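Visitor: here are the coordinates; sequence isn't available:
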Ligand code: NAD
Ligand code: KPL
């Protein structure tokens, strides 16, 4: 079985992972959207990773999804709303025993992907690393953060897990990856939409703590109802800690909106509201927040799902 890392999506996180794996001598191949993107990439001659103003260049081979040949190990680094369709196009190349690592934030996209490849193993990841695109094929790494990986269906650690440590990718295998993803989703729901609606950095929410706490009440109740009591425990304090620790930063959703990019609302606040409805749980504050956010995105001409 080939040990090549195929990386689907050469955006911020895809580039960060691809460059670190290639630097450690691992076999890596990028899968780009179409022939035009592939030609553009080939003209650029590779990916550039910028770390503390140190630029390194990696001429990683690339192909489009239309290429032939089996894929055994796939890192899915698209946005949550693109992941299932992108994987569906690769499904014929993903045979029995294939393993996917899903880097998407929020919840819901992991199940959508798994439906496309029922015979493959899907490892979920929750990442707090930060990277952003400076130019085409060039990504800056913020230089800190961590990755938790786990498989709700299978506790055994994948054979390739040591590759991450060898590549300097900070990671731990988690036996409670769903709890981790739910906790991050709750943090994102309590912070990100309010930063958009109040047009402020994370620290601006210190002036709206009653509103933040009321959302945390509903989010904690939702987590408990969804069988995630550990993710609910200490949520209010954790949200305030993150607001203080990232006071000068703008949330990822704020930045998406500012740059007129589609947000992942469907897999964050949208997922929380859908889960509440499925459990017959009234979440009036989260539902109102969701509606205000949808209205705000629509007014800006951005997708609201
Ligand atoms: P991004 O937009 O920078 O990159 C996504 C890439 O996927 C783009 O290059 C896009 O062209 C590509 N893509 C989409 N559909 C494709 C297809 N069918 N075939 C090939 N390529 C395709 O996104 P990102 O910031 O790297 O985020 C990826 C995921 O990681 C998101 O869910 C995000 O929330 C999560 N995340 C990102 C960061 C970060 O710092 N960037 C941190 C934590 C989590
Ligand atoms: O993850 C975040 C984001 O901006 O998406 C934090 C910093 C935790 C704010 O919710």
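Guide: Nice, thanks for sending it over. Nothing here was measured: the structure is a model prediction, and the numbers come from that model. Numbers count the residues shown, from 1 in each chain. Ligands and ions are numbered 1, 2, ... in the order given.
Visitor: Contact partners for residue 128?
Guide: By C-beta atoms under 8 Å, 6 or more residues apart in numbering, the contact list for residue 128 reads 145, 146, 147, 184. In short, each C-beta sits where N, CA and C put it, glycine included.
Visitor: 10 Å instead, please
Guide: 105, 142, 144, 145, 146, 147, 148, 170, 184, 187, 242 (C-beta atoms under 10 Å, 6 or more residues apart in numbering).
Visitor: Residue 221 too?
Guide: Applying C-beta under 10 Å, 6+ apart, the residues near residue 221 are 232, 276, 279, 281, 282, 283, 286.
Visitor: Now do the SS call for residue 274.
Guide: Three-state assignment for residue 274 (DSSP: H, G, I helix; E, B strand; the rest coil): helix.
Visitor: The one 3 residues further on too?
Guide: Using three-state DSSP, the structure places residue 277 in helix.
Visitor: got it, and residue 148?
Guide: strand.
Visitor: Check what pLDDT the residue nearest to it when sequence neighbours are not counted gets.
Guide: Using C-beta to C-beta, 6 or more residues apart in numbering and skipping the chain neighbours, the partner closest in space to residue 148 is residue 174 (4.3 Å). pLDDT, residue 174: 98.
Visitor: Surely residue 174 is in contact with residue 161?
Guide: No. Contact criterion C-beta atoms under 10 Å: residue 174 and residue 161 do not qualify, at 11.5 Å.
Visitor: residues bridging contact with those two, i.e. touching both?
Guide: residue 149.
Visitor: between these two, who's got more neighbours?
Guide: residue 174 (19 against 14; other C-beta atoms under 10 Å).
Visitor: show me what contacts the more buried one?
Guide: Counted by C-beta under 10 Å, 6+ apart, residue 174 has contacts 124, 125, 126, 147, 148, 149, 150, 151, 155, 180, 181.
Visitor: Mind checking which of the residues you listed are buried?
Guide: 124, 125, 126, 147, 148, 149, 150, 151, 180, 181 (16 or more other C-beta atoms under 10 Å).
Visitor: In contact with the fifth one, which residues?
Guide: Applying C-beta under 10 Å, 6+ apart to residue 148 gives the contacts 124-128, 170-174, 176-177, 179-181, 184.
Visitor: C-terminal to the helix ranked longest in the chain, what's the next element?
Guide: Counting by DSSP state H, the longest helix found in the chain is helix 177-197. Proceeding N to C from helix 177-197, the next assigned helix or strand is helix 209-225, under DSSP states H and E.
Visitor: Say whether ligand 2 is contacted by that following helix.
Guide: No. Judged by C-beta under 6 Å from any ligand atom, helix 209-225 stays clear of ligand 2, getting no closer than 11.1 Å.
Visitor: now stretch 71-82
Guide: No. Applying C-beta under 6 Å from any ligand atom, one finds stretch 71-82 separated from ligand 2 by no less than 12.2 Å.
Visitor: Ligand 2: which of the contacts of residue 221 is nearest?
Guide: Nearest to ligand 2 among the contacts of residue 221, counting by C-beta to the nearest ligand atom, is residue 286 at 15.0 Å.
Visitor: quick revisit: select, from the contacts of residue 221, the two members most distant in space.
Guide: Spatially, the most separated pair among those is 232 and 282, at 16.9 Å (C-beta to C-beta).
Visitor: show me where pLDDT drops low in the stretch 1-150 of the chain?
Guide: For the stretch 1-150 of the chain, no stretch has pLDDT under 70.
Visitor: For the stretch 51-200 of the chain, what lies in contact range of ligand 2?
Guide: So far as C-beta under 6 Å from any ligand atom goes, the stretch 51-200 of the chain lies against ligand 2 at 187, 188, 191, 192.
Visitor: Now for the first one, how many residues are close by?
Guide: Spelled out, it's residue 187. 22.
Visitor: residues in contact with it?
Guide: So residue 187 contacts 128, 216, 219, 231, 235, 238, 239, 241, 242, 243, 251, 268 (C-beta under 10 Å, 6+ apart).
Visitor: per-residue pLDDT, it?
Guide: For residue 187, pLDDT reads 98.
Visitor: Kindly provide the distance from it to residue 203.
Guide: Applying C-beta to C-beta, to the nearest Å, the value for residue 187 to residue 203 is 15 Å.
Visitor: Residue 116 now?
Guide: 40 Å.
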